[in-house]
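**Student:** quick one, fold the following:
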Amino acid sequence: MELILLRHAKSSWEEPYQSDWHRGLNPRGVKTLPKVVAQLQAWLPGVDRILTSDACRAQLTAEAVAQAFPQARLETLPELYGADSGAFKVLLERYWCEGEVQVWVGHNPTLELMVRDWLGGCIHKFPTAAMARVRLGSDGAIVGPIRLWTPKGGEYQLV
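**Tutor:** Numbers count the residues shown, from 1 in each chain. I've put the predicted structure just below:
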C-alpha cells in the first residue's frame with residue numbers, strides 16, 4: 001500500500017474567536033495547495049482513497065487533492081481530528097484494504113508522531129502542507145524509503 005500522510009495547509013487565525021475546528025486556510029495555505037497537488041501528481045499516477053479529518057482546514061486541503069484525483073473516493077473521518085498516534089494506527093488498520101494508494105489529511109502532532117515512530121525519532125518538524133510518502137507491505141511493515149516533501153524544502157528521503 002502506498003500511503004501519503006498530508007498535514008493540512010496553513011490555517012487562518014483571521015477570526016481569533018473562532019474555534020480551532022472551524023478555522024479555514026489563510027492566503028498562504030491557499031497558495032500552497034497547487035504545489036501540494038503537483039507533488040502528489042509527480043509521486044502518484046492515481047489515488048484510490050482520500051481520508052480526511054472533519055476540521056475545516058483539513059477538508060479544504062482534501063478537497064483540493066480530490067479535484068486533482070477525481071477517481072479517488074473522499075471520506076471524512078471525524079476521529080482524525082485530535083487523534084493520537086494510537087488512535088491513528090487503529091484507523092489505519094480499519095482502512096488498510098480500502099485502496100492501494102491512500103492520502104490521509106490530518107493534523108500535528110499526530111502525523112509527526114507517526115513519522116517519528118516509523119523512523120525511530122529522526123524527524124525534527126512536520127510543517128503545514130508537508131507530506132510523508134510511505135510504502136507499507138501486507139504485514140504493515142515499511143517497504144523501502146520514506147520520502148518527505150515540504151513546500152519550502154522540497155522532497156528528500158528520510159530512510
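**Student:** show residues contacting stretch 81-89.
**Tutor:** Contacting residues not belonging to stretch 81-89 are listed as 21, 53-55, 58, 79-80, 91, 106-107, 110, 113-114, 117 [C-beta atoms under 8 Å, 6 or more residues apart in numbering]. Every C-beta, even on glycine, is put in place using the N, C-alpha and C of the backbone.
**Student:** and Gln71, how far from Asp139?
**Tutor:** Taking C-beta to C-beta, to the nearest Å as the measure, Gln71 falls 28 Å from Asp139.
**Student:** brain fart, Asp48
**Tutor:** 20 Å.
**Student:** so for those two, which sits in the more crowded spot?
**Tutor:** Asp48 (17 against 6; other C-beta atoms under 10 Å).
**Student:** for the longest helix along the chain, which outside residues touch it?
**Tutor:** If you go by DSSP state H, the chain has its longest helix at helix 27-43. Identification of contacts with helix 27-43 by C-beta under 8 Å, 6+ apart yields 4, 6, 8-12, 25, 47, 57, 60-61, 64-65, 67-69, 103, 128-129, 131, 133, 147, 149, 151, 155.
**Student:** and the helix or strand that that helix is followed by, what does it pack onto?
**Tutor:** Scanning forward in sequence from helix 27-43 by DSSP states H and E, the next helix or strand is strand 49-52. On a contact count with 3 or more C-beta pairs under 8 Å, 6 or more residues apart in numbering; DSSP states H and E, strand 49-52 meets helix 56-68, strand 73-76, strand 101-106.
**Student:** winner for burial among the ones you listed?
**Tutor:** strand 101-106 (a mean of 26; mean count of other C-beta atoms under 10 Å).
**Student:** report the angle between that strand and helix 27-43.
**Tutor:** 160 degrees (axes from the mean of the first three to the mean of the last three C-alpha atoms, to 10 degrees).
**Student:** pull the CA atoms of strand 101-106 into PDB?
**Tutor:** The C-alpha coordinates for strand 101-106 follow below in PDB (Å, rounded to 0.1, in the frame of the first residue of the first chain):
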ATOM      1  CA  VAL A 101      -3.000   4.300  -2.800                       C
ATOM      2  CA  GLN A 102      -4.300   6.400   0.000                       C
ATOM      3  CA  VAL A 103      -3.900  10.000   1.100                       C
ATOM      4  CA  TRP A 104      -4.600  10.800   4.700                       C
ATOM      5  CA  VAL A 105      -5.200  14.500   5.500                       C
ATOM      6  CA  GLY A 106      -4.700  15.400   9.200                       C
END
